[in-house]
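Asks: Have a look at this prediction, sequence included:
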Amino acid sequence: MKIKLWGVRGSIPCPGPETVGYGGNTACLELRFGEEERLVVIDAGSGVRKLGESIVKNDLKKGPLNFPLFLTHTHWDHIMGFPFFVPIFIPGTVIDVYGPVTYEDEGLDKIIGDQLRYRYFPVKHSELSASLNYYPLMEGPMDLGDDILVTTKYLNHPILCLGYRFEYKGKVFCTAYDTEPFRNVFPTDPTQPGYDPVAAQEGEEAAREENEKILRFYKDADLLIHDAQYTQKEYLESKLGWGHTPFETAINNAHKANVKKLLLFHHDPNRTDEQLEELVDGYRRKISAKSDLEIEIAREGDEYIL
Ligand SMILES: [Zn+2]
Ligand SMILES: [Zn+2]
């Protein structure tokens, strides 16, 4: 299994001299399986534009394109590259698009397709040459054939968002973004209005159970791509409930789940290359004595082979 990173940033593309090292494009991953190099794409952030060019250059000569695109969720930074993904303009191409949608939402076709309206873009969704099939996806296992197994897991984000666990030839690759730790939603301080000791206790247990489920989801992964948008300080000061994880929690979780290699991902658009390196060097120094967990900063263009 090969994993290539085409976009690693969170929230909005942020090109420029301060981010050129780790890259300014939003989430997009290319997965390849086996000798045949079977293609699976995760997310269509702005990074998917360059991936599209690469697919046209390398895959089209082997025959018509036919591959799945798995969306973690439909926040704009994860779908904004779709109108610029060249394969959607190529006749004969078939793309199966999978992603989570809530019952009150419109279908995936409408959520993605609405970006391709004259109001926003010069080509309409109905004018695209590729065949696009949209499938709502829920939590659970799915067999992709060729011995490729994928399992999805709901994460903690303001909208439904899925983590993906791929298992292939004894190796495990997982994603856990965009997500933040589950926490007790009930007041826990007896002096707070509305405090109820039973609810407080139940809320505490529910949060712990949900967090443990996520640890089990990426247990023993060879490679884990985890949300790490904020520092613990930034998170507690002003980002609670925004749906992202502090570096410290991502590292602790990966350690607890016996992950071999952790890629810190969904970098804050305001974080410069220099700041990212300084922060992560600090965390590495803190944990090095007690863990053999490898920690890397996700970098656009990097490739991993499992
Ligand atoms: Zn995001
Ligand atoms: Zn999001």
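Replies: Yes, it's here. Ligands and ions are numbered 1, 2, ... in the order given.
Asks: What is the neighbour count of whatever residue of the stretch 151-300 of the chain ends up closest to ligand 2?
Replies: With C-beta to the ion as the measure, residue 178 is the residue of the stretch 151-300 of the chain nearest to ligand 2, at 3.6 Å. (Each C-beta comes from the backbone N, C-alpha and C, glycine too.) Residues within reach of residue 178, counting by other C-beta atoms under 10 Å, total 27.
Asks: ditto for the one 3 residues further on
Replies: The number of residues packed near residue 181 is 18, by other C-beta under 10 Å.
Asks: What of the one 10 residues further on?
Replies: When neighbours are counted by other C-beta under 10 Å, residue 191 registers 6.
Asks: for it, helix, strand, or coil?
Replies: Under the three-state scheme (DSSP: H, G, I helix; E, B strand; the rest coil), residue 191 adopts coil.
Asks: Look up how far residue 17 lies from residue 103.
Replies: Distance of residue 103 to residue 17, computed by C-beta to C-beta, to the nearest Å: 45 Å.
Asks: ugh, typo on my part, it should be residue 244
Replies: 25 Å.
Asks: which of these two has more neighbours?
Replies: Using other C-beta under 10 Å, the more surrounded residue of residue 244 and residue 17 is residue 244, with 25 against 8.
Asks: which one is the more buried one nearest to, not counting chain neighbours?
Replies: Leaving aside its sequence neighbours, residue 244 sits nearest to residue 229 (C-beta to C-beta, 6 or more residues apart in numbering; 3.8 Å).
Asks: show me the contacts for the residue most central in space within the chain.
Replies: In the chain, the residue lying closest to the centroid (C-alpha atoms, centre = their mean) is residue 177, at 4.1 Å. Counting by C-beta atoms under 8 Å, 6 or more residues apart in numbering, residue 177 makes contact with 10, 27, 72, 155, 163, 225-227, 245, 265-266.
Asks: Same question for residue 76.
Replies: Listed by C-beta under 8 Å, 6+ apart, residue 76 has no contact partners.
Asks: Tell me the confidence at it?
Replies: Per-residue pLDDT puts residue 76 at 97.
Asks: Ok, the one 4 residues further on next?
Replies: pLDDT recorded at residue 80 is 98.
Asks: Look up the closest residue to it, ignoring the ones flanking it.
Replies: Residue nearest to residue 80 in three dimensions, not counting chain neighbours: residue 46, with 5.8 Å by C-beta to C-beta, 6+ apart.
Asks: Check residue 142 too.
Replies: Residue 142 sits nearest to residue 150 (C-beta to C-beta, 6+ apart), 5.1 Å away.
Asks: didn't the residue nearest to residue 80 look like it was pressed against residue 14?
Replies: No: distance between residue 46 and residue 14: 9.8 Å, which falls outside the contact criterion (C-beta atoms under 8 Å).
Asks: the more surrounded of these two?
Replies: Neighbour totals were compared for residue 46 and residue 14, and residue 46 leads with 25 against 20 (other C-beta under 10 Å).
Asks: For that one, grab phi and psi.
Replies: As for residue 46, its main-chain torsions (degrees, to the nearest 10) stand at phi -60, psi -20.
Asks: Could you check the pLDDT of it?
Replies: According to the prediction, residue 46 has pLDDT 98.
Asks: what does the biggest helix by length in the chain contact?
Replies: Secondary structure of the chain per DSSP state H: the longest helix is helix 197-217. Residues from elsewhere that reach helix 197-217 (C-beta under 8 Å, 6+ apart): 151, 153, 155-156, 163, 165, 174, 176, 179, 181-188, 190, 253, 256-257.
Asks: so of those, which ones are in strands?
Replies: Among these, the members found in strands (DSSP state E) are 151, 153, 163, 165, 174, 176.
Asks: Just list the residues touching the last one, thanks.
Replies: This points to residue 176. 155, 163, 214, 217-218, 224-227.
Asks: Next, count neighbours for the closest residue to residue 152 other than its chain neighbours.
Replies: Using C-beta to C-beta, 6+ apart and skipping residues adjacent in sequence, the residue nearest residue 152 is residue 162, 4.4 Å away. For residue 162, the neighbour count with other C-beta under 10 Å is 24.
Asks: before we move on, what about residue 190?
Replies: Neighbourhood size, residue 190 [other C-beta under 10 Å]: 9.
Asks: I'd like the distance between it and residue 203.
Replies: Applying C-beta to C-beta, the value for residue 190 to residue 203 is 14 Å.
Asks: which SS class is residue 280?
Replies: helix.
Asks: Setting aside sequence neighbours, what's the nearest residue to it?
Replies: residue 297 (5.4 Å).
Asks: which residues touch that neighbour?
Replies: Listed by C-beta under 8 Å, 6+ apart, the contact set of residue 297 reads 22, 263-264, 267, 276-277, 280.
Asks: residues in the chain within reach of ligand 2, list them.
Replies: Residues of the chain lying near ligand 2 by C-beta under 5 Å from the ion: 75, 178.
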